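A.B. asks: quick one: sequence and predicted model below, then my questions.
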Amino acid sequence: MLSPADTLKPAPQPQAGTAAEGPSPFCRAAGLSLAALARLLSGASVRWVASQPDTCQRVYFANHTSHLDAIVIWSSLPQAVRELTRPVAAKDYWSRGIVRRWLAQEVFNAILIDRTDIKVHQSPVDLMLREVGTTKSLIVFPEGGRSVTGEIGEFKSGLYYLAKKRPEIELVPVHIDNLNRVLPRGEFLPVPLLSCISFGPPLWLERGEAKVDFLERARRAVLALKE
Amino acid sequence: MNDLRTIALIAGVLTLLTAATAVGQFLKRHPDRGLDPAAVNTFNLRLRGWWIMCTVLAAAFWLGTTATVVLFGLVSFWALREFITLTPTRKGDHRALFWVFFLFTPLHYVLVGLNRYDIFSVFLPVYATLFILARVAFAGDYKRFLERTAKIQAGLVVCVYCLSFAPALLQIPIAGAAAEGRGANFRLLFFLILLVQFADCMQYVWSRMLGRRLVAPTVSSNRTWEGLLGSATSTALLAAVLWWAAPPFEPWQAALAGFVIAIMGFAGGMTMSAIKRDRGVKDYGTLVVGHGGVLDRIDSMCFAAPVFYHITQLVAGA
């Protein structure tokens, strides 16, 4: 999957390095306390609906409503699973400023995706798969951005290509409820309301399933957790 | 003498809880007694909630006035969380809500802790109200303006303002009980909590046994006039029996306080029921198993606390 162009561009390599060594004790402590803070602020109750936490390789895909989404999902996972799970985040947002960059790279061990500059030889899906190897799990937001209305938008095709290239990975739908009221788009101060994170049963790409059908099925799996 | 009263009160409650727990466990082991297993289960879960409540309260009492005020502040904060979570708000309310949670609620409890009745009695009803109205207006979203601001204000008054009168009981000077420090005040607060919980149970029991006429079938399917009357009478009786625990009261005054507490508690339950019906939910949350949310547990308390506070102030001042 590595194209020759990648070897000329070592930019994402340092992240891969930290992932292999694991975070330093300080970053680990920072991660734990931030996870606790996020849980406290978002009052998140976690439900596993016909599903169990597991350290097997998974892709958690969720609706996207708030900047808190990734960290709250991440903190909702049991410690052992959390250490193996890497959120996928937008590079244009998370590499701006020293604090955000430190949080994204060192604490959450995020995979940063360049939304503005997607090239064929450096597709985000390839980057993600290279970063996770055969052990790590991913948190992705297939809508590609935060929804303004609170409705779940159309899924972008990345999830389909992930499933197509690695058909054995479990795709776990996650529904995030009420976090958009905790920290809506365009606000920076949170209101500590109660939210709910629901994990659903895993799904896989069916043999010969069309892209549109699969993405719609995945979207409905998230919607089904809303109740 | 006064220490003896505190010990008697605590011992009485512990005995009652232990006995009830024993009965609950017995019924659980012997499902053939012809009792509804679901009711037994609810009973056991409620008991568990009471044990937790008692433990937390005992710890707070032991740590002192400040700890108790902080504890009630946290309960208010959590209840308000549940209230606003269930109330639809719009994005234009976000900044107003931020200040409500992180400035007005804590500051109010600081004022309660400092015993500034002159300020805390108007701080939320007047100044927070004015702030909420103005802040939502400044946010530029005028849609259903009065409805939205009223919701936030109702949540703040019920969950924070009213409940804070319970720890405020610790600050009322009681003539003749100065020698034992705050012990008498803690007993007073415990007296209120006990009566509120008792009234809740009696309401349920009387409604079950004699309930015929529902107060408002559309709002609550188990709250009856018979339950209200029965609960008010039994609570008044218990209050009269326990008058020695609540320092400034004569037996008849304690009975009157118990009567009013039961009626206010009932009103609180009805009010929260109406809100829940409107929102189409059964409980407010899942913090203590079997007790619904925090708000489900304290709704009666929120309504009873201010009235009991003012009755006590009246009696203690006379």
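C.D. replies: Alright, I've got the coordinates. Numbering: from 1, shown residues only, chains lettered A, B, ... in the order given.
A.B. asks: rest of the way, CA atoms for contacts and neighbours
C.D. replies: Will do.
A.B. asks: which parts of chain A sit against chain B?
C.D. replies: Proximity of chain A to chain B (CA under 8 Å from any CA of the partner chain) is limited to residues A:Arg181, A:Pro184, A:Leu189, A:Pro190, A:Val191, A:Pro192, A:Leu193, A:Leu194.
A.B. asks: just the buried ones from those residues?
C.D. replies: Neighbour counting by 16 or more other CA atoms under 10 Å in any protein chain shown classes A:Arg181, A:Pro184, A:Pro190, A:Val191, A:Pro192, A:Leu193, A:Leu194 among the residues of chain A next to chain B as buried.
A.B. asks: now do the helices in the stretch 201-318 of chain B.
C.D. replies: In the stretch 201-318 of chain B, the helices defined using DSSP state H, counting those that start in this stretch lie at B:225-241, B:251-279, B:294-317.
A.B. asks: my bad, chain A
C.D. replies: A:4-8, A:13-21, A:25-42, A:69-76, A:79-82, A:91-94, A:98-102, A:124-132, A:158-165, A:179-182, A:211-224 (DSSP state H).
A.B. asks: so which residues make contact with the fifth one?
C.D. replies: The contact list for helix A:79-82 (CA atoms under 8 Å, 6 or more residues apart in numbering or on different chains) reads A:Pro53, A:Asp54, A:Thr55, A:Trp74, A:Ser75.
A.B. asks: would you list the helices of chain A in CSV and tack on distance to B:Leu156?
C.D. replies: Shown next, in CSV, are these (distance: least, CA to CA, whole Å):
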stretch, distance to B:Leu156
helix A:4-8, 57
helix A:13-21, 46
helix A:25-42, 19
helix A:69-76, 27
helix A:79-82, 36
helix A:91-94, 36
helix A:98-102, 35
helix A:124-132, 46
helix A:158-165, 44
helix A:179-182, 18
helix A:211-224, 33
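A.B. asks: including distance to B:Ala79 and mean pLDDT, could those helices go into CSV?
C.D. replies: Putting the helices of chain A into CSV (distance: least, CA to CA, whole Å; pLDDT from 0 to 100) gives the following:
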stretch, distance to B:Ala79, mean pLDDT
helix A:4-8, 54, 40
helix A:13-21, 41, 44
helix A:25-42, 14, 86
helix A:69-76, 22, 90
helix A:79-82, 29, 88
helix A:91-94, 34, 83
helix A:98-102, 33, 88
helix A:124-132, 42, 85
helix A:158-165, 39, 90
helix A:179-182, 16, 88
helix A:211-224, 28, 93
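A.B. asks: which ones are touching B:Gly227?
C.D. replies: B:Met202, B:Gln203, B:Tyr204, B:Val205, B:Trp206, B:Ser207, B:Arg208, B:Leu210, B:Gly211.
A.B. asks: out of those residues, the closest to chain A would be?
C.D. replies: Nearest to chain A among the contacts of B:Gly227: B:Tyr204, at 29.5 Å, using CA to the nearest CA.
A.B. asks: per-residue pLDDT of the residue nearest to the closest one when sequence neighbours are not counted, please?
C.D. replies: Excluding the flanking residues, the one nearest B:Tyr204 by CA to CA, 6 or more residues apart in numbering or on different chains is B:Gly227, at 6.6 Å. For B:Gly227, the model assigns a pLDDT of 94.
A.B. asks: B:Val56 now?
C.D. replies: 88.
A.B. asks: distance check, it against A:Glu154.
C.D. replies: 48 Å (CA to CA, to the nearest Å).
A.B. asks: A:Ile71 too?
C.D. replies: In terms of CA to CA, A:Ile71 sits 23 Å off from A:Glu154.
A.B. asks: quick check: beta-bridge partners of the most centrally placed residue in chain A?
C.D. replies: Most central in chain A under CA atoms, centre = their mean is A:Ile139, positioned 2.1 Å from the mean C-alpha point. For A:Ile139, the beta-bridge partners are A:Tyr60, A:Pro87 (DSSP bridges).
A.B. asks: contacting residues for it?
C.D. replies: Contact analysis of A:Ile139 by CA under 8 Å, 6+ apart lists A:Val59, A:Tyr60, A:Phe61, A:Ala62, A:Ala70, A:Trp74, A:Thr85, A:Arg86, A:Pro87, A:Val88.
A.B. asks: pLDDT below threshold where in the stretch 201-318 of chain B?
C.D. replies: B:282-292, B:318 (pLDDT under 70).
A.B. asks: hmm, try it at 50
C.D. replies: B:286-291 (pLDDT under 50).
A.B. asks: just give the closest residue to A:Ala89, not the sequence neighbours.
C.D. replies: With CA to CA, 6+ apart as the measure, A:Leu112 is the residue that lies nearest to A:Ala89, at 5.0 Å, once sequence neighbours are left out.
A.B. asks: list the contacts of the one you found.
C.D. replies: A:Val88, A:Ala89, A:Ala90, A:Lys91, A:Trp94, A:Ser95, A:Ala104.
A.B. asks: equivalent analysis for A:Val59, please.
C.D. replies: A:Ser137, A:Leu138, A:Ile139, A:Val140, A:Ile169, A:Glu170, A:Leu171, A:Val172.
A.B. asks: by neighbour count, which of the residues you listed wins?
C.D. replies: A:Ser137 (27 neighbours; other CA atoms under 10 Å in any protein chain shown).
A.B. asks: re the thing from before, neighbour count winner among A:Ile71 and A:Glu154?
C.D. replies: Using other CA under 10 Å, the more surrounded residue of A:Ile71 and A:Glu154 is A:Ile71, with 17 against 13.
A.B. asks: do I have it right that the more buried one meets A:Ala35?
C.D. replies: Yes - at 6.8 Å, A:Ile71 and A:Ala35 qualify as touching, with contact defined as CA atoms under 8 Å.
A.B. asks: measure the residue nearest to the centre of chain A to A:Val148 for me?
C.D. replies: 20 Å.
A.B. asks: can you check A:Ser75 too?
C.D. replies: Look at A:Ser75 and A:Val148: by CA to CA, they are 24 Å apart.
A.B. asks: same question for B:Gln171.
C.D. replies: 48 Å.
A.B. asks: give me the nearest residue to A:Ala62, chain neighbours excluded.
C.D. replies: Leaving aside its sequence neighbours, A:Ala62 sits nearest to A:Val174 (CA to CA, 6+ apart; 4.6 Å).
A.B. asks: now swap in A:Ala104 and tell me
C.D. replies: With CA to CA, 6+ apart, the residue lying closest to A:Ala104 is A:Ala110, at 5.2 Å.
A.B. asks: can you pull the contacts of that neighbour?
C.D. replies: A:Arg86, A:Pro87, A:Val88, A:Ala89, A:Ala104.
A.B. asks: done for today, thanks.
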